[in-house]
Every structure is written in structure tokens, then in C-alpha cells.
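**Q** Sequence and computational prediction follow.
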Number of protein chains: 2
Amino acid sequence: MTELILALDVLTREEALEIAEETYPYLDAIKLGYPLVLGAGLSVARELSQFDLPLIADFKVADIPNTNRLIAEHVFESGFSAIIAHGFAGSDSLKAIVEATENAGGECYVVAEMSHPGALEFLSGETAEKIAQMAVDCGTDGIIAPATRPERVKALRSIIKDKKILSPGVGAQGGDAREIAPLIDGMIVGRSIYNSENPAKEAEKFAFVRR
Amino acid sequence: MTELILALDVLTREEALEIAEETYPYLDAIKLGYPLVLGAGLSVARELSQFDLPLIADFKVADIPNTNRLIAEHVFESGFSAIIAHGFAGSDSLKAIVEATENAGGECYVVAEMSHPGALEFLSGETAEKIAQMAVDCGTDGIIAPATRPERVKALRSIIKDKKILSPGVGAQGGDAREIAPLIDGMIVGRSIYNSENPAKEAEKFAFVRR
């Protein structure tokens, strides 16, 4: 049905390696963000590559084209296989990341819609649909959309067709894995796995959603 | 009139330290971005602190509130005195950064309007004005607005009143220092200084705009 992506939002290199070691047999990919990378350095990606899973840099890149390109180059040189960018900095900024992604043979995803309350101010509704269309027009690999709002995932699917949808929000945020799994390509789960007493067992519980 | 902020967008720790060493007597602050920090590590901020200038982390932070807070905490713990965030992720995301900023006794700026072509798709016009108002409502220290569009700087000034405006775009992008200086609080100059044969001399040329 879908892939299981661990959002490895722990704060130290040691925790990251420990959780990855325990859970990797039950995962399809691992997503890292800036809080970990700023503390541990980009080199944490190389260390995590031992588990032979795709690594996604969730850096929500949103700068001018040249800066975006430089960030994306760093990301792929460090062993990541995918990058997550924002679309709201505009098509030229996004295209700069897509070019760097293609040069590296990686994947690029765009945040179409977010699920925290403040997302309703800009990153939802018509703006989300406009960004989803931009994701198609700029040749990205897909979008990020909230597992907590299945009806929105369906609306965005009608725009992006067979591109991929990766969705955070299952678990701690209340998204229903059974409901969302058939609608998406990657289910992003974080706290409910890495904060568990037994992360491996918790990750294995999602086996039923995996392709 | 205004402060002179060097956008130190070089790619290695060595270049960063060398340019800072040459130019610091002519500067009021130094701004660093992710391309340098991802390569050199956050520790480059501590090394640059020897020049006793405020350091601004231009990370254009645009994530959920908890992630924004963690990024801001890393930034201030690393020796930065200010952080640049996006407003696009919403008020709750911005407030999380403002809280971390206040806890650290730092400053927080919000990108209201950008100057690359793609900014016209979202980050300009009414959206920029809405974000400028958000910068006021959330208690930030000011906004980022383009030196290449003085008429827009004036429009945004009418919203943010006595909060600060920092403006990139003078020099390589064609913004006119004499025209923009009276309108803003910080003039951000990058390539025309750090790509110069003589960065110190180039930085000194902006003495006439400094308070």
C-alpha cells in the first residue's frame, strides 16, 4: 500500500544511530531534519547510510534559487537520496533544487500543505493546490500533505496524479494509518516510534500498511 | 543612516574567516546562511565571534512550531545573536521562534518580501503586507524587504512602523545604496564585497551609509 518513513527527530547522533539500528528492518526510508543535523552535522547522514535505506533531508528549503541549489548540492553530497523543499519561494527557487536533484540522481518533494494550526493562514486550501500544481510543472517527484486531513490528500492527488504523496501526522498527531495508507505513497511516522519503549516493535506494527 | 551587514555567502570556513578578518572594522554585523553552515558546521559561528560583531543566522526557518523552536535554540546556543525566519508557515510557527529568541536575548526577523523573480508568485504584494503585519503581531524585531524595490520598502515601513528593516539587494543585484539607506535599518551586501579583489576597501566604500 505505502512505504513507512521514520521521522528521526531525535536530537543527538547517538540516539539517531541507536533508533535506526533497532528499527531499520521495518522501515522503507528515514527522514532527518535540521534540529538533528545542526547538532550532529551533515555527517550523520553518512553514518546512517550503513542501514541501506533512502535518507530524506526534510530541510523545507525556501530561499533564492542560488542558495537553494547550494543547499541541495550539500544534501546530496552528504549521502541523502531525497530533499524536501517549500514551493512558496517560487518556481525559480524550486527549479534550482530540481536541477541539483536531477544532477545527483535523487528525489525532490515539495511541501504542499501542512497540518499545524498556523498552516491555515497560508499553506492550505487554494495555495496548497497552487503549490501542488507547481510541483507537477517543475518536475518534482511529489508533495508533502497531511495524513490528518484525508479529504485534502484526495484533493491534492487529483492535481498531482501519479506523482508521490508523503504524509506526516499518523500516530502522535492523530492521523489514522488505515484510512490514509491507501491514499498515499509514504507514511511518515515519528514520535510514536522513536519515543516508544520498544521502537522496533512499534515500527513493526505498521507492517500492515507497507507494500 | 543604516547599518552595514555583510552576507558572508562563501562556501568554506577558511574563506569565511579570511573575509571576516579583512572586513570586520567596516561592518556592523555578519549574516551567515545554510550553504556555509552545512559545509563548515554551526561551529563556524563561534569562530567568527572573535570579531565581536552580531551574527545573523539567515536560515529562513519555515517549519512546524516545535521544529522551529529547536532550530532557533541551536542557533542561539551556537553564538548567533539573530535569526531570520519565514512568516509563511503561520503565526504559531513564528511565535515559537520569537519565544526561543526572547529566551536567548536575541533578535528575530521575518522575510516579508523577496526580490528574485519567483517571489512575485507568493512572497510579494498583499502577502508581503500580511506577513509584515504578522511580524508586528508576533513581537519580532523586524522584517527583510528588498533593497531593489524602494517603493515596497516604504509600503512595508508604513505597516511595521519603528521595527527594523534589513534589506538585501544592494550591489550585485543592482539596488542603489544612496536611495535605500535612508529607508532601512540594515543594508545587506554580499558578493560585491566578498568577491572583490580587495574586500576591505569595498566594504569601506559603504561607510557613507552607516550611522
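**A** Structure's in. What do you need? Residues are numbered from 1 along each chain as shown, chains lettered A, B, ... in the order given.

**Q** Return the helix or strand in chain A with minimum mean pLDDT.
**A** When each helix and strand of chain A is scored by mean pLDDT, DSSP states H and E, helix A:177-180 comes last, with a mean of 94.

**Q** got the phi/psi numbers for the residue lying closest to A:Ala128 once chain neighbours are set aside?
**A** Nearest residue to A:Ala128 in three dimensions, chain neighbours excluded: A:Glu113, at 3.8 Å (CB to CB, 6 or more residues apart in numbering or on different chains). Yep, even glycine has a C-beta here, placed from its N, CA and C like the rest. The phi/psi pair for A:Glu113 (degrees, to the nearest 10) reads phi -140, psi 140.

**Q** what residues are up against A:Glu113?
**A** Listed by CB atoms under 8 Å, 6 or more residues apart in numbering or on different chains, the contact set of A:Glu113 reads A:Ala119, A:Leu123, A:Ser124, A:Ala128, A:Ile131, A:Ile144, A:Ala145, A:Pro146, A:Arg149, A:Arg152, A:Leu156.

**Q** Looking at these, which is nearest A:Leu48?
**A** The closest of those to A:Leu48 turns out to be A:Ile144 (CB to CB; 20.6 Å).

**Q** what about the closest one, neighbour count?
**A** 26 (other CB atoms under 10 Å in any protein chain shown).

**Q** didn't it look like it was pressed against A:Val110?
**A** Yes. Between A:Ile144 and A:Val110 there is a contact at 7.0 Å, judged by CB atoms under 8 Å.

**Q** and for the two, which residues touch both?
**A** Counting by CB under 8 Å, 6+ apart, the residues touching both A:Ile144 and A:Val110 are A:Ile84.

**Q** follow-up on the earlier one: please flag which of the contacts of A:Glu113 sit within helices.
**A** Those of the contacts of A:Glu113 mapping onto helices are A:Ala128, A:Ile131, A:Arg152, A:Leu156, per DSSP state H.

**Q** Would you mark the buried spots in the least confident helix or strand of chain A?
**A** Neighbour-count burial for helix A:177-180, with 16 or more other CB atoms under 10 Å in any protein chain shown as criterion, is recorded at A:Ala177, A:Ile180.

**Q** now stretch A:22-35
**A** For stretch A:22-35, by 16+ other CB under 10 Å, it's A:22-24, A:26-35.

**Q** out of the residues you listed, who's nearest B:Ile193?
**A** A:Tyr34 (27.6 Å).

**Q** Leaving aside the residues adjacent along the chain, what's closest to the closest one?
**A** Once flanking residues are discounted, A:Tyr34 sits nearest to B:Ile71: 5.1 Å by CB to CB, 6+ apart.

**Q** mind listing what the one you found touches?
**A** Contacts of B:Ile71 (CB under 8 Å, 6+ apart): A:Tyr34, A:Pro35, A:Leu38, B:Phe59, B:Val61, B:Asp63, B:Ile97.

**Q** try 10 Å this time
**A** Applying CB atoms under 10 Å, 6 or more residues apart in numbering or on different chains to B:Ile71 gives the contacts A:33-35, A:37-38, B:57, B:59, B:61-63, B:83, B:85, B:96-97, B:100.

**Q** try A:Ala200
**A** Taking CB under 10 Å, 6+ apart as the contact definition, A:Ala200 lies against A:Ile19, A:Glu21, A:Glu22, A:Thr23, A:Tyr24, A:Pro25, A:Tyr26, A:Ile193.

**Q** Now it: which helix or strand?
**A** A:Ala200 is located in helix A:199-204, with elements delineated by DSSP states H and E.

**Q** List the buried residues of that helix.
**A** Going by neighbour count (16+ other CB under 10 Å), the buried part of helix A:199-204 is A:Pro199, A:Ala200, A:Glu202, A:Ala203.

**Q** Can you pick out the most distant pair from those?
**A** The largest separation in the buried residues of helix A:199-204, counting by CB to CB, is between A:Ala200 and A:Glu202 at 7.3 Å.

**Q** Which residues are in contact with each of the two?
**A** Counting by CB under 10 Å, 6+ apart, the contacts common to A:Ala200 and A:Glu202 are A:Glu22, A:Thr23, A:Tyr26, A:Ile193.

**Q** a helix runs through A:Gly39, doesn't it?
**A** Yes. Assessed by DSSP: H, G, I helix; E, B strand; the rest coil, A:Gly39 belongs to a helix.

**Q** what about it, distance to B:His74?
**A** A:Gly39 sits 6 Å away from B:His74, going by CB to CB, to the nearest Å.

**Q** Over to A:Leu166?
**A** A:Leu166 is 25 Å from B:His74, by CB to CB.

**Q** Settle it for me: which of the two has more neighbours?
**A** Each of A:Leu166 and B:His74 has its neighbours counted (other CB under 10 Å); A:Leu166 has more, 27 against 22.

**Q** I'd like the mean pLDDT over the host helix or strand of A:Arg46, please.
**A** Assigned by DSSP H and E, A:Arg46 falls within helix A:43-48. Here helix A:43-48 scores 97 as its mean pLDDT.

**Q** on that earlier part again, how far off centre is the least confident helix or strand of chain A?
**A** Between the centre of helix A:177-180 and the centre of its chain there are 17 Å (CA atoms, centre = their mean, to the nearest Å).

**Q** after it, next one along is what?
**A** Past helix A:177-180, the next helix or strand by DSSP H and E is strand A:186-189.

**Q** That next one and chain B, any residue contact?
**A** No. Remark: strand A:186-189 sits outside contact range of chain B, by CB under 10 Å from any CB of the partner chain, the gap being at least 12.3 Å.

**Q** tell me what the next helix or strand along the chain from that strand is packed against?
**A** Per DSSP H and E, strand A:186-189 leads on to helix A:191-194 as the next helix or strand towards the C-terminus. In terms of contacts (3 or more CB pairs under 10 Å, 6 or more residues apart in numbering or on different chains; DSSP states H and E), helix A:191-194 is packed against strand A:3-7, helix A:13-23, helix A:199-204.

**Q** which element is A:Ile83 on?
**A** Per DSSP H and E, A:Ile83 falls inside strand A:82-86.
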